[in-house]
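Enquirer: no letters, just coordinates:
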Ligand SMILES: Cc1cc2nc3c(=O)[nH]c(=O)nc-3n(C[C@H](O)[C@H](O)[C@H](O)COP(=O)(O)OP(=O)(O)OC[C@H]3O[C@@H](n4cnc5c(N)ncnc54)[C@H](O)[C@@H]3O)c2cc1C
């Protein structure tokens, strides 16, 4: 047997689950198609990940958080949603008596880098880079992972963390539901004249959506959702033209805008796997649930899935990946489905409502913002869900 567990994909989900498995005494091999340098020193990719309190706690417990420079963590104190030209805003503030902030923002490449450092601290983790997984096979004895270079690796359990377009999921014959929103997100960092007050803003306008995520030192992550053609045009504009375009889209609310990073495009496709487990197989991260980013929950759900999977695998002190493993995987699947399906469906419904240009949808949108403000229990439960303050605390 080469490993107890083979994790496919050294993205943030794969690296984090590998460290957590190693900490529980499992020998782990991570198979990743990228070269080692790209895993060890990932480049800035435009994504700023809004982490819930529960996610920060999981990263801290896993020894990943300490590898993220404190100066690179920004506080998300409040959030607001605007609809069209109306000045009315739906506000989300921390619930009185809970944490003082809604969450924390960390760049995706820094999470990846920290997770890589943590994983490589453990002698129980081996990274097999430059290897693309082609097929999986499992039987009563073990599982075999075959890679494009002709190698085969044996283990007791395979964990697929190889993105929302998971090749491992396909190789295992598991179908996934897919929603193509027909739009593309452009993301980048910009500095601005006016302060953001650590408030995230989501502004649904008629032809596009623009979001601002507050970073440190009067810098924000700017997220523009547009048609693919328009997003590509924005990416190719020279810097002064791009800065002016964004300033106008924001109605000048932050004054002059200065581009401070590269610009990145993400086509918006959400996926939901029909099964999260198979024989000697578990899906985690985007391979299980690939969320639309608007509710900022993809990686947060990945950490939740990791926690649920590990709790089930090591339930009652068990370390066997043979005896009773099918039942434990099924319990993991049920738990993760309960945790993810309502959020996945609600997120897709919000996106549809706020991008539907029919007049009736406009009335519902405006009503939804007012309801969200006036129904305090509803507002508080949305804040609780999105920030996970207190959730899963031990
Ligand atoms: C613009 C944007 C903003 C976001 N904001 C947030 C946010 O605020 N909060 C939040 O929680 N989430 C957010 N997300 C979602 C978050 O980025 C993802 O959920 C997270 O990165 C998923 O990690 P992963 O490891 O599952 O997958 P990935 O990051 O996709 O990593 C998969 C890895 O598998 C490797 N791989 C793929 N196929 C193979 C193969 N066949 N063989 C070997 N290796 C393979 C890939 O090279 C890659 O390294 C955002 C996403 C986007 C696009």
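Expert: Sure, I can see it. Source: prediction; values computed, not measured.
Enquirer: excluding sequence neighbours, find me the nearest residue to residue 124.
Expert: What sits nearest to residue 124 in space, not counting adjacent residues and going by Cβ to Cβ, 6 or more residues apart in numbering, is residue 22, at 4.0 Å. Placement of C-beta: from N, CA and C, glycine included.
Enquirer: contact partners for that neighbour?
Expert: By Cβ atoms under 8 Å, 6 or more residues apart in numbering, the contact list for residue 22 reads 28, 119, 122, 124-125.
Enquirer: what's the following helix or strand after the helix or strand hosting it?
Expert: Residue 22 belongs to helix 12-23 when assigned by DSSP states H and E. Later in the chain than helix 12-23, the nearest helix or strand by DSSP H and E is strand 28-31.
Enquirer: can you tell me if the longest helix seen in the chain touches the ligand.
Expert: Longest helix in the chain, counting residues (DSSP state H): helix 325-355. No. Helix 325-355 does not reach the ligand (Cβ under 6 Å from any ligand atom); its nearest approach is 10.8 Å.
Enquirer: for this protein, what lies in contact range of the ligand?
Expert: Counting by Cβ under 6 Å from any ligand atom, the residues of the chain lying close to the ligand are 8-14, 31-34, 47, 49-50, 108, 132-133, 161-163, 167, 185, 187, 266, 285-286, 293, 296-300, 302.
Enquirer: what's the PyMOL line that selects buried ones from those residues?
Expert: The buried residues among these can be selected in PyMOL (16 or more other Cβ atoms under 10 Å) with this line:
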select buried, resi 8+9+10+11+12+13+14+31+32+33+34+47+49+50+108+133+161+162+163+167+185+187+266+285+286+293+296+297+298+299+300+302
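Enquirer: sitting in helices, which of the residues of the chain next to the ligand do you find?
Expert: 12-14, 108, 167, 298-300, 302.
Enquirer: quick one, phi psi at residue 144?
Expert: phi -120, psi 130 (degrees, to the nearest 10).
Enquirer: and it, what does it touch?
Expert: Listed by Cβ under 8 Å, 6+ apart, the contact partners of residue 144 are 136-138, 152-154.
Enquirer: repeat that for 10 Å
Expert: 2, 6, 135-138, 152-155, 158, 280 (Cβ atoms under 10 Å, 6 or more residues apart in numbering).
Enquirer: restricted to buried residues, select the residues you listed in PyMOL.
Expert: Per 16+ other Cβ under 10 Å, the buried members of these correspond to this PyMOL selection:
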select buried, resi 2+6+136+138+153+155+158+280
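Enquirer: most widely separated two among the contacts of residue 144?
Expert: The largest separation in the contacts of residue 144, counting by Cβ to Cβ, is between 2 and 135 at 15.9 Å.
Enquirer: quick one on the thing from earlier: what is the mean pLDDT for the longest helix of the chain?
Expert: Across helix 325-355, pLDDT averages out at 92.
Enquirer: in the stretch 1-150 of the chain, what residue comes closest to the ligand?
Expert: residue 11 (2.1 Å; Cβ to the nearest ligand atom).
Enquirer: next one: phi and psi at the closest residue to that residue other than its chain neighbours?
Expert: If the residues on either side of it in the chain are set aside, residue 11 comes closest to residue 161, at 6.1 Å by Cβ to Cβ, 6+ apart. The phi/psi pair for residue 161 (degrees, to the nearest 10) reads phi -130, psi 50.
Enquirer: touching, residue 161 and residue 283? I think so.
Expert: Yes. Residue 161 is within contact range of residue 283, at 7.9 Å (criterion: Cβ atoms under 10 Å).
Enquirer: so for those two, which residues contact both of them?
Expert: In contact with both residue 161 and residue 283: 8, 13, 168, 305, using Cβ under 10 Å, 6+ apart.
Enquirer: tally of neighbours for the third one?
Expert: Residue 168 has 26 neighbours, counted by other Cβ atoms under 10 Å.
Enquirer: quick check, pLDDT for it.
Expert: pLDDT, residue 168: 96.
Enquirer: for it, give me its contacts.
Expert: 6, 8-9, 31, 133-136, 145, 158-162, 174, 278, 281, 283, 287.
Enquirer: and the last one, by the same measure?
Expert: Neighbour list for residue 305: 13, 17, 159, 161, 276, 282-285, 287-289, 332-333, 335-336, 339-340 [criterion: Cβ under 10 Å, 6+ apart].
Enquirer: if we use 6 Å, what do you get?
Expert: For residue 305, the contact set (Cβ atoms under 6 Å, 6 or more residues apart in numbering) comprises 284, 288, 336.
Enquirer: that one belongs to a strand, doesn't it?
Expert: No. Under DSSP: H, G, I helix; E, B strand; the rest coil, residue 305 falls outside any strand and is assigned helix.
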